[in-house]
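Undergrad: kindly generate the corresponding structure for this input.
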Amino acid sequence: MSNLIKSLDKGLIVSCQAPVNSPLHNPLVIAAMAEAAVNNGAVGVRIDTPSHVRAVREKVKVPIIGLWKQVIPESDVYITPNFDHAAAISQAGAYIIAIDATRRDRPGGEKVAEIIPRIHQELNKLVMADIDTIESAQSAIAAGADLVGTTLFGYTEETKHQTPPSWELLAHIVNIADQSNTKIICEGGISSPQMARQALDSGAYAVVVGTAITGIDSLVKAYRSLFTRS
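TA: Down below sits the predicted model:
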């Protein structure tokens, strides 16, 4: 497991995902994205849903950070909301399980401090804790998260008025994690190689880039909004 984490050191992790209503939301397409990313130097990939993880596992040998986005009515938590989702992602072939590690209530009431040890002990997989604040980062580190990512900064009630990336948050949690074995991943809002370099220079162990590389749907919409028809 330590070698797996070392393989991510100072590297680029590409998030290969697509909206569920997009033609790109297809296991074969996602697997092709992942393979192209790895062929060009990505040290890992971040993949949503068991079927996509399974397809990517057949194409690449690098670490897969797997997650399962699920919208559950009674909770705002949607990234791998409970242990059953983590188990499905593990079985599909992910080496690292990403979970929402914010302080929001989880469906079923399971706490971050409970699900992280369960993933370690019952699935024998590493955990990437997706956080939004310094407090949630501290809790995830205390619970034994192997990786902590700034993934949810700007996407929770507490942080929705802010735009990622947060260099201040990154610096704080890098400092907090300095005395632990937890590695800090910068994810969210990285839109250029220069920003990725800044994240590494700020102490991030690795950087996740998604939309800026694989987000065709979002990127085309952004470009299209600048055009007007007469």
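Undergrad: nearest residue to Thr175 other than its sequence neighbours?
TA: Slight slip there: residue 175 is Asn, not Thr. Spatially, and ignoring its direct neighbours in sequence, Asn175 is nearest to Gly203 (7.9 Å; CB to CB, 6 or more residues apart in numbering). C-beta: built from backbone N, CA, C; applies to glycine.
Undergrad: on the three-state scheme, the one you found is what?
TA: Recorded secondary structure, Gly203: coil (DSSP: H, G, I helix; E, B strand; the rest coil).
Undergrad: just checking, it touches Trp167?
TA: No - Gly203 lies out of contact with Trp167 (CB atoms under 8 Å); the separation is 10.2 Å.
Undergrad: quick one: the helices in the chain?
TA: 2-6, 27-39, 50-57, 83-92, 112-118, 134-142, 167-176, 193-201, 211-214, 216-224 (DSSP state H).
Undergrad: what residues sit buried inside the fifth one?
TA: Okay, so that is helix 112-118. Within helix 112-118, the residues scored as buried using 16 or more other CB atoms under 10 Å are 112, 115-116.
Undergrad: now, among these, which is nearest to Arg54?
TA: Ile115 (22.1 Å; CB to CB).
Undergrad: next, the contact list for that closest one, please.
TA: Neighbour list for Ile115: 82-83, 86, 99, 106 [criterion: CB atoms under 8 Å, 6 or more residues apart in numbering].
Undergrad: what's the closest of these to Ala140?
TA: Taking CB to CB as the measure, Ala140 lies nearest Ile99 of those, at 8.9 Å.
Undergrad: need the contact list for the closest residue in space to the closest one that isn't next to it in sequence.
TA: In space, and not counting its chain neighbours, Ile99 is closest to Thr80: 4.4 Å by CB to CB, 6+ apart. Going by CB under 8 Å, 6+ apart, Thr80 touches 67-70, 86, 89, 97-100.
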